[in-house]
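Trainee: Have a look; sequence and predicted model below, questions after that.
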Amino acid sequence: MERFEAEVYGTRLVLLRGDITVQEVEAIVNAANPDLTPGGGVSGAIHRAGGPVVTEAAARIRRERSRLPTGEAVLTPGGKLPARYVIHTVGPIWRGGTAGEAELLAKAYRSCLSLAAEHGIRTLAFPSISTGAYGYPVAQAAEVALKAVQDFLKENPGKLKEVRFVLFSSSDFQTYRAAWERVKAL
Ligand code: ADP
């Protein structure tokens, strides 16, 4: 079965293969672009499923402030999604690995987790940030992502009930599953 669960400092960590737009959690994370426009990939799917409420709230944020810097996160309503909120973050574009990509990717995950906790959100689902159009190698991204979540949960025990990773392909699911075996041993 393409689903895995572990208990991490009092929070349930779930890895599963699926579509993030149908997840019944309080907030889903969007791998956004700095302009917060729908674009393609997971972002296009989230804006399409959430409808104009999501796209207009994102456009309003974009007008009120400059482009969203890599690693930062903002919150909008979820519109027609089952999730009440969307947390939009910008992951790094892969440039070979020596341009601070790992630190920026970890920062993107941390920003989302902190923003969720600030808003009292207890269940959160992530896609695999940066590993589509932004070209980050999946095995490396998975390790950074899971380590960032593990570190946050260690520092904030019990703040969140569930953190879910929703992987779009079977191969990404297996890659995250294997990465967790390495991260949990750290
Ligand atoms: P980025 O620009 O951050 O790389 P992408 O949207 O191009 O973001 O890809 C991020 C990941 O999201 C990829 O693994 C892609 O396959 C996946 N993805 C695309 N659509 C969905 C969806 N509906 N649910 C979950 N993951 C998705």
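Mentor: Right, received. Where do you want to start?

Trainee: okay, CA-based contacts and neighbour counts for the rest of this
Mentor: OK.

Trainee: If you count neighbours, what's buried in stretch 83-96?
Mentor: Using 16 or more other CA atoms under 10 Å as the test for burial, stretch 83-96 gives 83, 84, 85, 86, 87, 88, 89, 90, 91, 92, 93, 94.

Trainee: and the next element down the chain from the host helix or strand of the fifth one?
Mentor: Residue 87 belongs to strand 85-89 when assigned by DSSP states H and E. From strand 85-89 onward toward the C-terminus, using DSSP H and E, the following helix or strand is helix 101-118.

Trainee: Quick check: next helix or strand after that next one?
Mentor: Counting by DSSP H and E, the next helix or strand C-terminal to helix 101-118 is strand 123-126.

Trainee: How about residues contacting that following strand?
Mentor: With contact meaning CA atoms under 8 Å, 6 or more residues apart in numbering, strand 123-126 is reached by 20, 23, 25-30, 116, 160-166.

Trainee: Tell me which residues are up against the helix or strand that that strand is followed by.
Mentor: Using DSSP H and E, the helix or strand that follows strand 123-126 towards the C-terminus is helix 138-155. Helix 138-155 has contacts (CA under 8 Å, 6+ apart) with 8-9, 11, 102, 105-107, 109-110, 113, 128-131, 159-160, 172, 175-176, 179-180, 182-183.
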